[in-house]
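A.B. asks: got a predicted structure here, sequence first:
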Amino acid sequence: PYYNATGLATFDKVNGFDLVAIETMADDWSKSFLLTVDGKGGLVDFVEITDDYGDATQDEKGNETVVGTDMRTEFLTSSFIFSRTRINKTIYNYQQSNELTEKDSIVEKFQIDNQGRFKKLTRDSIRIRE
C-alpha cells in the first residue's frame, strides 16, 4: 500500500486521558504522532513526535537543491513533559559540491494539560550556515 498507519505504543493515562503513539508512512516519508483520547475513544489532540522526509528539486540551470527534515522526541519526566527536536537541512548545488549549506535546529518542550491538549512550554532555535 502507498499509505498506512500502525499503532506503536500505549502509555499510562495522563490527566485522565489515554495516550497512544501511532506511525504513518508513505513512499517517501514517515511520521509518528502522539494522541490523547477521551474515555469514549474520541480524539482530543495530537502532536507530531517523529518525522523523516527528504526531497530534491532542480532549477532551470539544472542545479539540484536537497531539503530534508529529521525530528525526534525524548520523554523527560513522569509528569509527561517531552522535548521534540527538529533538524531541517538544505544542501544547495547538491550534485556539484554535496555540501550542507544550512541547518536549522528547533527544540520545543511540551506538556499535556488538564484538558488533554498538548501545551508548548518553550521553543528554541539555532541556524547554522556553512
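C.D. replies: Happy to help now that I have it.

A.B. asks: when you work out contacts or count neighbours from here on, use the C-alpha atoms and nothing else.
C.D. replies: OK.

A.B. asks: what helices or strands is the helix or strand hosting residue 73 leaning on?
C.D. replies: When elements are assigned from DSSP states H and E, residue 73 belongs to strand 64-75. Counting contacts by 3 or more Cα pairs under 8 Å, 6 or more residues apart in numbering; DSSP states H and E, strand 64-75 packs against strand 43-58, strand 81-91, helix 94-97.

A.B. asks: quick one: strands adjacent to it?
C.D. replies: Sheet pairing for strand 64-75, assigned by DSSP bridges, gives strand 43-58 (antiparallel), strand 81-91 (antiparallel).

A.B. asks: among these, which is the most enclosed?
C.D. replies: Of all those, strand 81-91 carries the top mean neighbour count, a mean of 19, counting by mean count of other Cα atoms under 10 Å.

A.B. asks: gap between that one and the chain center?
C.D. replies: 7 Å (Cα atoms, centre = their mean, to the nearest Å).

A.B. asks: could you point out which element follows the helix or strand of the chain with the lowest mean pLDDT?
C.D. replies: Least confident helix or strand of the chain, by mean pLDDT, DSSP states H and E, is helix 94-97 with a mean of 69. Note on helix 94-97: by DSSP H and E, the next helix or strand toward the C-terminus is strand 102-112.

A.B. asks: pull that following strand out as PDB, backbone CA atoms only.
C.D. replies: Provided in PDB are the C-alpha atoms of strand 102-112 (Å, rounded to 0.1, in the frame of the first residue of the first chain):
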ATOM      1  CA  GLU A 102      22.100  25.400   6.000                       C
ATOM      2  CA  LYS A 103      20.900  23.600   9.100                       C
ATOM      3  CA  ASP A 104      18.200  24.600  11.500                       C
ATOM      4  CA  SER A 105      17.700  23.000  14.900                       C
ATOM      5  CA  ILE A 106      14.300  23.700  16.600                       C
ATOM      6  CA  VAL A 107      13.800  22.400  20.100                       C
ATOM      7  CA  GLU A 108      10.400  22.500  21.700                       C
ATOM      8  CA  LYS A 109       9.100  21.300  25.100                       C
ATOM      9  CA  PHE A 110       5.500  20.200  25.600                       C
ATOM     10  CA  GLN A 111       3.300  19.100  28.400                       C
ATOM     11  CA  ILE A 112      -0.300  17.600  28.400                       C
END
